[in-house]
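# Fold the following, please.
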Amino acid sequence: MEKNIIVAMTRRRVIGCHGALPWHIPEDLRLFRTLTSGHTVIMGRTTFESIGRPLPERHNLVVSRTLMPCSGIVVCPSLIAAMEQARRLQRDLFFIGGREIYRQALPLADRLLISWIEQDYAGDCFFPLLDLSLWKQEWSREYPAFTHVGYRRRSAKEVA
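The predicted structure follows:
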């Protein structure tokens, strides 16, 4: 099971504003759907509430201690519990936000899939500080409003 962080953010690490994405970029949303469909996604309660429904064609795991269970999602009390559930599903795993899920997932992830948004947007939610020296860029693809970049975690030998 490969553990991926998938995120769209500005160069200033903005990922949200008032509980929503500060931008609307249909091409990035299509890319997100294509990459995550058929797999397991882990998100926090706020992210789930901002989406407003389970994501179709995915196993939706929501980390929350307060959210009531509902159709189409599995509520897990912690990220560790969500990852245990994901292991049983035996599919690639995508951490899809928000900030706290990303913070906890960064040391666990095998890959980062970042859509670097070209335009600067105001926001009140930021991706955690990221040391890209720990990651090796594998590929990059230019789109009109963003650049999608795939990174793989460097091995201990590569970092030393």
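# contacts and neighbour counts: CA atoms only from here.
Fine.
# quick one: contacts for T66?
Neighbour list for T66: empty [criterion: C-alpha atoms under 8 Å, 6 or more residues apart in numbering].
# Please identify the helix or strand for R88.
Following DSSP states H and E, one finds R88 within helix 79-89.
# Distance-wise, check L106 relative to W23.
Summarising the geometry, the distance separating L106 from W23, computed by C-alpha to C-alpha, to the nearest Å, is 24 Å.
# Looking at these two, which is more packed in?
For L106 against W23, the residue with the higher neighbour count under other C-alpha atoms under 10 Å is L106, and the figures read 19 against 16.
# OK, contacts around that one?
Contacts for L106 (C-alpha under 8 Å, 6+ apart) come out as I5.
# my read: Y151 touches S140, true?
No: the pair Y151 and S140 fails to qualify as a contact (C-alpha atoms under 8 Å) at a distance of 9.1 Å.
# which of the two has more neighbours?
Set side by side, Y151 and S140 give different neighbour counts by other C-alpha under 10 Å, the larger being at Y151 (20 against 14).
# What confidence value was assigned to the more buried one?
Confidence at Y151, expressed as pLDDT, is 98.
# Could you check which helix or strand contains it?
Short version: Y151 belongs to strand 146-153, going by DSSP H and E.
# Please report the distance of the residue nearest the centre of the chain from V7.
To find the centre residue of the chain, average its C-alpha atoms and take the closest one (C-alpha atoms, centre = their mean): that gives I96, at 2.6 Å. Computed with C-alpha to C-alpha, the distance linking I96 and V7 is 6 Å.
# Equivalent analysis for Y151, please.
Distance of Y151 to V7, computed by C-alpha to C-alpha: 12 Å.
# hey, what's in contact with both of these two?
Between them, Y151 and V7 share these contacting residues under C-alpha under 8 Å, 6+ apart: L113.
# re the thing from before, now do the helix holding R88: which elements does it pack against?
When contacts are defined as 3 or more C-alpha pairs under 8 Å, 6 or more residues apart in numbering; DSSP states H and E, helix 79-89 packs onto strand 40-44, strand 59-63.
# where are the low-confidence patches of this structure?
Counting by pLDDT under 70, the ranges of the chain that qualify are 160.
# residue ranges of the strands in it, please?
3-9, 14-16, 40-44, 59-63, 73-76, 93-95, 111-117, 125-126, 135-142, 146-153 (DSSP state E).
# May I see those organised as TSV, with distance to R53 added?
As requested, the strands of the chain are arranged in TSV below (distance: least, C-alpha to C-alpha, whole Å):
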stretch	distance to R53
strand 3-9	19
strand 14-16	18
strand 40-44	12
strand 59-63	10
strand 73-76	9
strand 93-95	17
strand 111-117	23
strand 125-126	21
strand 135-142	29
strand 146-153	25
